[in-house]
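**Q** The following block contains a protein sequence and its predicted model.
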Amino acid sequence: MKKILILILFLIFAWAGSTWFIGNETESLFKTYLKNTKNAGADMGLETHYYIKDYKKSFLKSTATTVVHLNTGDPVIDELLGDVQFNNTISHGPVLFANGTLGFGTAHIYSELDVSSLKPETQDIMKRLFADKSPLSGNITFGINDSSDYDLSIPAIELKEGESRFSLKDGLYVAGAINKATLMGTAKGTIGAVHIIDDGLNIDVSASTIDVDMQGMVAGQMIGTSHFATPSVKITGNEVPPVSFGLDFSSDTRRASDNEALDGDIKLLASNIEAPVDISEIKLSTSFKAFQIKGLEQLAAVQKDVQQLQSSALSGMNGAEQEELMSKLQNLPNIMIAAVQNTLKKDKTELQVTADIASQQGGSLLDIEARYIGNSTDINLEELAMGGLAALQKLVNGKIDFTAPKAMLTSTPAAFFIPSLVEKGVIAENADNYSLNAVFKTDGIDLNGKSISVDDFISLMEALGLGGGDDELPAGVELPEGAGVPMEGIPAELLEELSKQSAEDLKAQGVPNEIIEKIKPMKGEAAVTE
């Protein structure tokens with residue numbers, strides 16, 4: 001029995017001693033945590049300032065009041081927020097009783113936004129949004145090792161103004177594990193269902209999920225993976241047709257093998273589409289390779305400078321400050337060019353964009369690939385502006401592949417342009433599909449299997465009204481007669497549907513004037529012409 005009592009006393013003294021020691025070290029730990037939070041925010045492009053306004057220490061717990069000042073660059077927002085104050089309750093380890101559970105760690109911090117410290121007008125906004133609930137609260141438990149568990153929550157929101165409504169059911173909740181020094185790590189959570197009524201428009205968004213694994217920040221870009229999913233978005237209204245779809249977004253950004261560049265993939269899926277168009281699913285994907293970190297950091301710095309210049313301009317300046325601002329603005333293009341030069345690497349930097357669209361008529365695919373082949377000295381704004389495509393081909397090679405079912409395109413206003421494009425060889429056709437294959441090389445272009453010079457391609461685009469010029473085609477390039485858009489072959493249903501629309505709406509959709517002039521007399525309406 002005596003040995004057992006000695007053991008119990010030893011454990012009690014060990015706990016008390018470690019708690020006393022950790023309690024003494026917690027303030028230093030807390031200050032380091034705030035410093036790391038500021039540094040992590042800076043890596044993300046957020047300019048924040050933190051300081052401890054008050055710290056009171058006791059044996060088992062301490063309390064602290066912290067102040068956060070966020071520089072958004074917008075004087076109105078900065079004035080509205082002012083200094084945001086948080087009240088913190090800090091439990092000392094190694095034994096922690098947090099959120100009703102027993103655990104182990106260095107310390108546990110519960111933080112809550114202090115609404116009473118906000119400006120009166122900001123307090124009124126918070127009251128309207130959250131009633132008497134705490135707008136923002138969170139927990140973080142510092143482990144014995146470098147890992148820390150955390151959670152963050154925003155309660156449900158209900159806002160009413162006249163006939164308008166906004167609600168966020170179940171609020172927002174995020175939890176994960178992060179490194180207590182870098183604050184990088186995981187975040188998994190849910191966003192409650194959103195309902196909006198405004199000016200006859202109804203938007204319903206189902207509960208969404210987020211899943212992030214952030215392993216670092218480079219030039220404001222997150223290194224790691226992210227995933228966001230919303231099963232259902234529904235839009236209805238008095239003057240809009242009903243539309244519904246699901247959304248799924250994912251990204252993966254990583255360092256290249258040489259550790260000096262970034263590679264990545266971005267994917268967006270819109271599924272279960274119900275709308276007055278023959279499309280059931282859209283897949284968009286972007287892949288990039290070898291975007292150099294040095295240049296990305298310079299671009300991020302340029303963006304920050306622009307934001308500071310905008311903030312300075314909004315804040316008001318005297319004559320000398322205005323001259324300094326103009327000098328910086330005049331030098332921005334040179335700085336931007338230098339940053340772009342350092343972002344791209346010859347024969348390494350690549351970009352691919354793909355759009356895959358499914359419909360009842362079949363699937364259509366657009367695939368665009370580009371590779372940087374130039375030298376840094378080839379990037380010249382004046383030359384690109386004057387030389388156009390010819391100058392661009394010194395820098396970029398690539399290709400465009402497109403295919404779509406005839407039945408899908410002939411039910412849209414694109415039906416007016418396709419016959420002319422087919423005649424000119426821009427679009428190829430077979431029994432069921434239209435297609436386009438263009439390979440852009442330094443010395444020319446392969447268009448649907450036929451070689452054509454850059455000058456001839458530019459003239460072809462201008463002849464189609466896509467190049468902004470009125471030049472004639474060169475003598476060696478012959479185009480079929482019938483440059484106008486024929487009415488024959490256009491589905492009667494499409495003509496009937498278009499006849500219900502105003503001339504202004506048709507023109508906005510890109511329907512040629514000659515077709516508008518033929519359609520509108522069906523309803524006795526005058527066409528809109530240039």
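**A** Received, thanks.

**Q** Quick check: beta-bridge partners of the spatially closest residue to Thr253 that is not a sequence neighbour?
**A** Leaving aside its sequence neighbours, Thr253 sits nearest to Gly264 (C-beta to C-beta, 6 or more residues apart in numbering; 3.9 Å). Every residue, glycine included, has its C-beta placed from N, CA and C. Taking DSSP bridges as the rule, Gly264 bridges to Thr253, Phe288.

**Q** ok, now Ile400?
**A** The partner list for Ile400 in beta bridges (DSSP bridges) reads Ile368, Ala438.

**Q** now swap in Asn139 and tell me
**A** Tyr110, Asp151.

**Q** per-residue pLDDT, it?
**A** Turning to Asn139, the model gives it a pLDDT of 84.

**Q** For it, the count of nearby residues, please.
**A** For Asn139, the count of nearby residues is 17 (other C-beta atoms under 10 Å).

**Q** same thing with Glu504?
**A** Glu504: 10 surrounding residues under other C-beta under 10 Å.

**Q** Check the secondary structure at it for me.
**A** helix (DSSP: H, G, I helix; E, B strand; the rest coil).

**Q** Could I get the contacting residues of the residue nearest to Thr253?
**A** Ser251, Asp252, Thr253, Arg254, Ser287, Phe288 (C-beta atoms under 8 Å, 6 or more residues apart in numbering).

**Q** Of those, grab the buried ones for PyMOL.
**A** In PyMOL syntax, the buried subset of those is picked out as below (16 or more other C-beta atoms under 10 Å):
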select buried, resi 251+252+253+287+288
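
**Q** with the contacts of Gly264 in mind, which one is nearest to His49?
**A** Closest approach between those and His49, by C-beta to C-beta: Thr253, at 28.3 Å.

**Q** For that closest one, give its distance to Val212.
**A** Taking C-beta to C-beta, to the nearest Å as the measure, Thr253 falls 12 Å from Val212.

**Q** Identify the contacts common to the two.
**A** With C-beta under 8 Å, 6+ apart, Thr253 and Val212 have common neighbours Met222, Gly224, Thr225.

**Q** Take the contacts of Gly264 and lay them out in TSV including distance to Ala358 and pLDDT.
**A** As requested, the contacts of Gly264 are exported to TSV (distance: C-beta to C-beta, whole Å; pLDDT from 0 to 100):
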residue	distance to Ala358	pLDDT
Ser251	23	95
Asp252	24	96
Thr253	28	95
Arg254	30	94
Ser287	21	97
Phe288	25	96
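
**Q** Which single one of the contacts of Gly264 is nearest to Met408?
**A** Ser287 (25.8 Å).

**Q** so the closest one sits right up against Leu351, yeah?
**A** Yes - in this structure Ser287 lies within contact range of Leu351 using C-beta atoms under 8 Å: 7.4 Å.

**Q** And the strands in the stretch 51-200 of the chain, which stretches?
**A** 61-71, 83-92, 95-98, 101-104, 107-113, 137-142, 147-154, 157-161, 164-168, 172-179, 185-191, 194-198 (DSSP state E, counting those that start in this stretch).

**Q** Looking at those strands, which is nearest to Ser206?
**A** strand 194-198 (8.5 Å).

**Q** So which bits of the helix or strand just after that closest one are buried?
**A** Remark: after strand 194-198, the chain's next helix or strand is strand 201-205, criterion DSSP states H and E. Going by neighbour count (16+ other C-beta under 10 Å), the buried part of strand 201-205 is Asn202, Ile203, Val205.

**Q** name the helices or strands packed onto strand 201-205?
**A** Packing partners of strand 201-205 (3 or more C-beta pairs under 8 Å, 6 or more residues apart in numbering; DSSP states H and E): strand 194-198, strand 221-237.

**Q** Starting from the following helix or strand past that strand, tell me which strands it pairs with and how they run.
**A** Note on strand 201-205: by DSSP H and E, the next helix or strand toward the C-terminus is strand 208-218. Looking at strand 208-218 with DSSP bridges, its partner strands are strand 185-191 (antiparallel), strand 221-237 (antiparallel).

**Q** For these, give me TSV that also has distance to Ala177 and mean neighbour count.
**A** Shown next, in TSV, are the strands paired with strand 208-218 (distance: least, C-beta to C-beta, whole Å; neighbours: other C-beta atoms under 10 Å):
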stretch	distance to Ala177	mean neighbour count
strand 185-191	5	17
strand 221-237	13	17
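
**Q** between these, which one is nearest to Leu159?
**A** Among the strands paired with strand 208-218, strand 185-191 comes nearest to Leu159, with 16.2 Å by C-beta to C-beta.

**Q** Alpha carbons of the closest one, in PDB - could you do that?
**A** Coordinates of each C-alpha in strand 185-191 appear next as PDB, following Å, rounded to 0.1, in the frame of the first residue of the first chain:
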ATOM      1  CA  GLY A 185      -1.600  20.800 -42.900                       C
ATOM      2  CA  THR A 186      -5.100  19.500 -43.500                       C
ATOM      3  CA  ALA A 187      -8.600  21.000 -43.400                       C
ATOM      4  CA  LYS A 188     -11.800  19.100 -43.800                       C
ATOM      5  CA  GLY A 189     -15.200  20.500 -43.300                       C
ATOM      6  CA  THR A 190     -18.800  21.300 -44.400                       C
ATOM      7  CA  ILE A 191     -20.600  24.400 -45.500                       C
END
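
**Q** Relative to Leu366, how far out is Asn437?
**A** For Asn437, the distance to Leu366 - C-beta to C-beta - is 12 Å.

**Q** which neighbours do those two share?
**A** Common neighbours of Asn437 and Leu366 (criterion: C-beta under 8 Å, 6+ apart): Ile400, Asp401, Phe402.

**Q** List only buried entries from the residues you listed.
**A** Buried among the shared contacts of Asn437 and Leu366 by 16+ other C-beta under 10 Å: Ile400, Phe402.
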